[in-house]
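> Return a 3D structure for these sequence lines:
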Amino acid sequence: MNIDRLVFAFAGMMILLSLVLSQLHSPYWLALTAFVGLNMLQAAFTGFCPLAAILRKLGRPSGAAFE
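Have a look, this model is predicted:
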């Protein structure tokens, strides 16, 4: 799996996890959803994604979005 797919899968997993935790424990978990969404928004404009940088250093193949 390339970096792009891993980033999208991780973001989706974190959003779903925070939604479940907000229902089961505390609505403050929705702050994690907001953080992931804001990070995705800034990555769309700047092209910089912290997770993509980490995955690149770990040797994952890059995709088209985070080269």
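> For the worst-scoring helix or strand of the chain on mean pLDDT, name the packing helices and strands.
None of the helices or strands of the chain scores lower by mean pLDDT, DSSP states H and E than helix 50-57, at a mean of 92. With contacts defined as 3 or more C-beta pairs under 8 Å, 6 or more residues apart in numbering; DSSP states H and E, helix 50-57 has these neighbours: helix 3-24. Any C-beta I mention is one placed from the backbone N, CA and C, and that applies to glycine too.
> So which residue is dead centre in this structure?
The C-alpha lying nearest the average C-alpha coordinate of the chain belongs to Ala11 (C-alpha atoms, centre = their mean; 3.1 Å).
> so what's it closest to, chain neighbours aside?
Closest residue in space to Ala11, ignoring its immediate chain neighbours: Val36 at 5.4 Å, by C-beta to C-beta, 6 or more residues apart in numbering.
> Look up how far Leu17 lies from the one you found.
Noted for Val36: a distance of 10 Å to Leu17, by C-beta to C-beta, to the nearest Å.
> The two: which is more packed in?
When Val36 and Leu17 are compared for neighbours, Val36 comes out ahead with 18 against 14, by other C-beta atoms under 10 Å.
> Before I go, just wanted to say thanks for your time.
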